[in-house]
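1. For reference, the sequence and a predicted model appear below.
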2 protein chains.
Amino acid sequence: MIRATAVRRAALFAVPAAALVMLGVAVPTVSGTTRGVVGSSASYQTAGDSLRGFSTASADRERALEALLAQRVNRDSTGAAFRVLTAEPHPAGSARNKVLADWVAEKYRAAGLEDVKLHRYDVYLPWPREVSVTMTAPTRYVATMKEDVVAADPDTKQDPGITYLGMTASGDVTGELVYASSGNPGDYDWLEAHGVSVKDKIVLVRYSVPYSYRGYKALVAQQRGAKALLIYSDPQEDGYRKGLTFPDGPYGPLSHIQRGSITYDFIVPGDPLTPGWASVDGAKRIPIAEARSAPTIMMAPISARDAAPLLEALTGPVAPASWQGALPFTYRVGAGPATVHVKIDMDGATRPIWVVEGRIKGSEEPDKYVVLGNHRDAWVFGGVDPSSGSATQLEMARVLGGLAKEGRRPRRSIVFASWDAEEWHLTGSTEWGEQFADDLRKNGIAYINVDGSTSGSNLQVGTVASLNHLVVETARDVTDPASGGSLLAAWGKSLAGEQAATIGGGASRTNAVRNTLDYPGNALGSGSDYTVFLNFLGLPVIEMSFGGPYGVYHSIYDDYYWMTHVGDPGFRYMATMADVWGRMALRLANADVYPFDFQLYASRVGGFIDAFARQTSNGRVALTAVRAAQRRWLTAGARLEAAQHAALAASPSAARTAALAAMNEALRQVEQQLLFVDGIPGRPWFKHALYAPKSTYAAMTLPGMREAADDKHWPLANAQALALAGRLDAAAAMVERAVAAAPR
Amino acid sequence: MIRATAVRRAALFAVPAAALVMLGVAVPTVSGTTRGVVGSSASYQTAGDSLRGFSTASADRERALEALLAQRVNRDSTGAAFRVLTAEPHPAGSARNKVLADWVAEKYRAAGLEDVKLHRYDVYLPWPREVSVTMTAPTRYVATMKEDVVAADPDTKQDPGITYLGMTASGDVTGELVYASSGNPGDYDWLEAHGVSVKDKIVLVRYSVPYSYRGYKALVAQQRGAKALLIYSDPQEDGYRKGLTFPDGPYGPLSHIQRGSITYDFIVPGDPLTPGWASVDGAKRIPIAEARSAPTIMMAPISARDAAPLLEALTGPVAPASWQGALPFTYRVGAGPATVHVKIDMDGATRPIWVVEGRIKGSEEPDKYVVLGNHRDAWVFGGVDPSSGSATQLEMARVLGGLAKEGRRPRRSIVFASWDAEEWHLTGSTEWGEQFADDLRKNGIAYINVDGSTSGSNLQVGTVASLNHLVVETARDVTDPASGGSLLAAWGKSLAGEQAATIGGGASRTNAVRNTLDYPGNALGSGSDYTVFLNFLGLPVIEMSFGGPYGVYHSIYDDYYWMTHVGDPGFRYMATMADVWGRMALRLANADVYPFDFQLYASRVGGFIDAFARQTSNGRVALTAVRAAQRRWLTAGARLEAAQHAALAASPSAARTAALAAMNEALRQVEQQLLFVDGIPGRPWFKHALYAPKSTYAAMTLPGMREAADDKHWPLANAQALALAGRLDAAAAMVERAVAAAPR
């Protein structure tokens, strides 16, 4: 999993609407006044106990089923699974991760899941033979590249292997060092303005706030002509300056190292050798030199402790205030006199990875299915990331499988997936999605991702806005373990606190998140396994976690001890996520009418268009057609509200059953209408018209016309606007088809 | 000298108008539209080469004289004096400071000054016999209380004596340690809310931003029941986190210690034993136990290096983000387990201090005089503080004295004063002002203070607004040594840069300081020797320096090496200040009409009233009379503009001479009209109706009614408003008298 910062992790993949307001992005309020909303605000209410998409009778059955789910979810069994999952390092390609794949398959089978199988993909997955970083002048210092053993935590005695970044280039270079803060383009511009070139230099950057993805830093350094890039974790960001460090607190001690991959997977994710198709046996592979997602720069991660002597040895201009960190000296930028020798030798190998799949077959529409995915591979022990989510998923499978064995089978199927090599470039989910693309488009209902489920107690959800309603209703019905009250209320409190912290306190603006339907974020970027489902397949997606202070990400300290002493003692939230996730799956699988809300979705898109017009277009892009299509979609969405109410109230009959089936099939296909067949310009794999990740992994809305407008390529931006209008029109038409099909 | 922070030092004693705008304080623009300004904006122009208060013929003579001043001011002689002044530590009461007093007197005489004399005052000035700070648990650590010797700077090998804070209580105590951030009341409130009491504890605080005076921290700790207070300099504020440290840069190295006094001189300054009268031979002394300005708490200063082990040993709650500093660990607040033993033994002695006085007698009105003061005593070597100002003053005396010897004598007298024990509680200037109060009120024209003259190149001026015009015209005519252009232009650039830094960049608001008359600040607090002249005697005052990054304040590193390598290599700004200061003195001494501008002063006071009404009064204080009086003063000020123009254009005659004398005498007395005979409530020594220092040393305007309103004591606030109206009325009447007396 990829994250921004410990506490603001959610911002990466899903900015809550409240945060968008703070950023000046227009967010339509749920009373829906933006641009001609038809329909009353009453249709947005989530108060009471209604279950969207369920008739009264079905809702009663659903509630009884969910009560059993909540009752049976167990903290001890969740914790027992978590102990197995985190017992040893299990990176992608390792023997241990294959052992765990077999173990997960066994657990799936034991839970009663059907069609359990392992999918093997042979993917480009080079491991290191040697990684070394040595300062050769003005004094000699050999970076340890190792994290300290912590006496209280025996797991830290295990050997995590050579410390490296996935997809680094190999080489043996020496050069003067330059400090470039976050390594974003503006940082290099500052250096240049102060007479410091990074050409043929070794550049040292830090994991940073505001966040940018380490692979983006690699790309920028590559473009600027650096010889190699080093990255370290400044205690300002995730260490002692934030709070107590492991084992006393959640933050990273000085020796901790953030591993990760640096693939340019914002261009195309998955195996770099099979861009757009699955890495199955016999599939065509392109040469690595032709892979657009493969960096050509050497890059290595170091700890703050290893970075300190290098950074302290720099002279040259004093770095600006915002570049200073929490190490105890004045940061200067060089170049030199610090001179650094970096040697990296990667084996260039292809390795097998393993996706585990299993399903609970639906009783009435077994072909249709909801997919519930989590990855299994970890950089080391993977305490939060991903084993907390893996344990949550196994607990959920145990309970839902048990209910099915008892005959309490969902109406539609539920598919469980344990991905592999997510940590590289979302590899397993991407290959699986590419392999089964046709079936997923034909039968998939939605994808719900849980990467790490638990690093704290603050619910964080990103989703397409058609599912905000489902998310909020679910949170309303789940019990928050800390307060004993509704998770929705706890969520509201944590959002208000987060917002207060962000805007510097003061209660005056906390009412910006007063409406519960604004709690889920709707700006989807990338960084976990939902990407192939959203951007390549056009499935509605949800991405969730319980977040909290978390400074040990991708280090050896993200482990069992951290979780049981700091992150989630007693597995309270890890187990609660099984309840949340399971209920969502059941509601999607059992609803009479799929609970999609296109009025809110269209309204949000109206906000994206407004923001584009204000921030980017400057009047140079004609938005008439886009706005007309958005209004059409909004109007259709409002009509759907009424049609759905009528449909759910209709008396059972064969005609009603057939009409509901037709209505549902249209609803299921709406999201797919938002795909461009050929993708967005320059990135054919990314097909979604509303969302694509930026190279920094941040969310970008309306990416086709926005990237063209950012480049001031106005003819292309206008063409993209028309193409976007076409997709919104198609979505509107599909909603209209659902309305037309609805039983009356 | 007392300062806020290195770069924002000016804010302490004089907030520039631009900064007031940022703080939301209404600042009338110089076009004077606030509340019925009479007279045209043309009267506020400082463009062209006019000299306010001078007829054309007089201006020509003045300009010729100032050209000689500028020509003769010499960097080498300035630097030579600076070397003598900074050669050894010379705190108040030391033999060395007496040697320097004699040497300054000799320099005054050599320069041609007349009536040179030393004034002796015997004042309470206890020195330390022992000061020790020892952590006794959980490990033992003895604070070194010493600064490191720096090889490049031989002066640092000299013994600065025992490190201490002036006016600390004596005692021998041991207690658990609590960290209380800045030691302001809100900080203790936070501790209390988190279950941490400081009662009978040893409290550790830091010199901090936002600034509060160390004596204020002492008072708060005393009130909260702490056993003793330790204060240290966090590298976040004045050390490596700000930039390069001595000897590589202007900031303080880890071992530097900020000395200073902690007297409650915001209640009454000067010798605590003679509050309100001079400590001359035979004067009455009160017992120290009855002195309101004497702290009863023990307090000691330590370096960041000595603070680190103590702070790191604390457990308890993690301190909030704004309490974290730049030391390399997470700050927690305790209490304990760190336990600290503090022993302080002060000798309780009275010691002699020495004020040196000399004058250039005026040729036409020798009884009337301008006072130019600077203190001589230093905590150690006193590089910036105060020896840069002492060297500037001696250079100015040399040149002005030389001109007088040649017969180029000013029309009115110029008095030079070298104060002593400023570092304690503005002692020398206060005693001298109290001793000669009658004569100063009868004959004093204005007081211009230069404490440290130079820590950089950014002009910083605080003044009563009647002298803004003089200050700006002077800056216009002085050459900035760095740019070779006008100092006024350089000043504008430095203010724009400071403002941009303060408001987070962006050129859009820099035009808030577009009018040069807004450059001088008009919010006068305390912290240097102008206090007795403004607050006790009612003289118009100016306080000036060239500022810059300065992290070695009150440490041994504030010395010759710092100045010649970092602060002002080549003595360019130290010498330039002699030009600035000398011109101001000459203009006040030679003007046909005193160059006071009461239209601007009254306009600024209108702003103070608006701010009070908005921020404090809430309608509970009747301001009708105050506003009426302010308008009367403003109107009179506008009429004065016209009367002055007519007076200066009148043909010479005996009648004109007599009329000018009467007009000038009225103008000279306007500021004195602003004094309350009995002072402000609770602080009888502070008599000025418009200004008093807060206990933090920050400026407070309209202090009588503001303090009462802050206490919600509405009857008193209303009574104070009426008293204020009386003072403004008296000032208006005195301006009207000047207008009536003016030659026509």
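-> Received the coordinates, thanks. Numbers count the residues shown, from 1 in each chain, chains lettered A, B, ... in the order given.

2. Check which helix or strand A:His490 maps to.
-> Small correction: residue A:490 is Ala, not His. If you go by DSSP states H and E, A:Ala490 is part of helix A:487-502.

3. Mind giving me the packing neighbours of the helix or strand just after that helix?
-> Once helix A:487-502 ends, the next helix or strand along the chain (criterion: DSSP H and E) is strand A:521-524. The helices and strands touching strand A:521-524, judged by 3 or more CB pairs under 8 Å, 6 or more residues apart in numbering or on different chains; DSSP states H and E, are helix A:10-13, strand A:14-16, helix A:17-22, strand A:458-463, strand A:699-701. The way it works is simple: take the backbone N, C-alpha and C, and place the C-beta from them, glycine included.

4. Can you give me the buried ones in strand A:521-524?
-> Within strand A:521-524, the residues that count as buried by 16 or more other CB atoms under 10 Å in any protein chain shown are A:Gly521, A:Asn522, A:Ala523, A:Leu524.

5. Adding pLDDT and distance to A:Gln673 as columns, could you present the residues you listed in TSV?
-> Listed next are the buried residues of strand A:521-524 as TSV, based on pLDDT from 0 to 100; distance: CB to CB, whole Å:
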residue	pLDDT	distance to A:Gln673
A:Gly521	94	23
A:Asn522	93	18
A:Ala523	85	20
A:Leu524	88	17
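
6. Okay, now the unreliable bits of the stretch 101-250 of chain A?
-> Within the stretch 101-250 of chain A, the ranges that satisfy pLDDT under 70 run A:209-210.

7. In it, what residue comes closest to chain B?
-> Chain B sits closest to A:Tyr240 of the stretch 101-250 of chain A, with a gap of 4.5 Å, by CB to the nearest CB.

8. Contact partners for that residue?
-> Contact partners of A:Tyr240, counting by CB atoms under 8 Å, 6 or more residues apart in numbering or on different chains, are A:Tyr251, A:Pro253, A:Leu254, A:Ala326, B:Pro328, B:Phe329, B:Thr330.

9. run the last query once more with 7 Å
-> Counting by CB atoms under 7 Å, 6 or more residues apart in numbering or on different chains, A:Tyr240 touches A:Tyr251, A:Ala326, B:Pro328, B:Phe329, B:Thr330.

10. Tell me where the longest helix sits in chain A.
-> Counting residues, the longest helix in chain A under DSSP state H turns out to be helix A:714-741.

11. mind checking the SS state of A:Trp354?
-> On the three-state scheme (DSSP: H, G, I helix; E, B strand; the rest coil), A:Trp354 is labelled strand.

12. Okay, and the beta partners of A:Gly544?
-> Check again: residue A:544 is Met, not Gly. A:Met544 has these beta-bridge partners by DSSP bridges: A:Val450, A:Val461.

13. ok, it to A:Asp529 distance?
-> Using CB to CB, to the nearest Å, A:Met544 is found at 12 Å from A:Asp529.

14. So for these two, which residue has more residues nearby?
-> Just comparing A:Met544 and A:Asp529: by other CB atoms under 10 Å in any protein chain shown the higher neighbour count belongs to A:Asp529, 30 against 27.

15. any idea how far chain B is from the closest residue to A:Phe598 other than its chain neighbours?
-> Using CB to CB, 6 or more residues apart in numbering or on different chains and skipping residues adjacent in sequence, the residue nearest A:Phe598 is A:Gly637, 3.6 Å away. Distance of A:Gly637 to chain B, computed by CB to the nearest CB, to the nearest Å: 41 Å.

16. low-scoring stretches of the stretch 401-550 of chain A, by residue?
-> Within the stretch 401-550 of chain A, the stretches with pLDDT under 70 are A:499-514.

17. how about 90 then?
-> Residues of the stretch 401-550 of chain A meeting the criterion pLDDT under 90: A:496-515, A:523-527.

18. Around chain B, pick out the residues from the stretch 201-350 of chain A.
-> Within the stretch 201-350 of chain A, the positions lying close to chain B (CB under 7 Å from any CB of the partner chain) are A:Tyr240, A:Arg241, A:Gly243, A:Leu244, A:Thr245, A:Val318, A:Gln324, A:Ala326, A:Leu327, A:Pro328, A:Phe329, A:Thr330.

19. Check these and tell me the two furthest apart.
-> Farthest-apart pair in those is A:Leu244 and A:Val318; separation 30.3 Å (CB to CB).

20. Tabulate the residues of the stretch 201-350 of chain A next to chain B in a markdown table, adding columns for secondary structure.
-> Listed next are those as a markdown table, based on three-state DSSP:
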| residue | secondary structure |
| --- | --- |
| A:Tyr240 | coil |
| A:Arg241 | coil |
| A:Gly243 | coil |
| A:Leu244 | coil |
| A:Thr245 | strand |
| A:Val318 | strand |
| A:Gln324 | coil |
| A:Ala326 | coil |
| A:Leu327 | coil |
| A:Pro328 | coil |
| A:Phe329 | coil |
| A:Thr330 | coil |
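
21. for these, which one is nearest B:Ser555?
-> A:Thr330 (17.4 Å).

22. got the contact list for that closest one?
-> By CB under 7 Å, 6+ apart, the residues touching A:Thr330 are A:Val318, B:Tyr240, B:Gly243, B:Leu244, B:Thr245.

23. cutoff 6 Å now
-> The neighbours of A:Thr330, taking CB atoms under 6 Å, 6 or more residues apart in numbering or on different chains as the test, are B:Tyr240, B:Gly243, B:Leu244.
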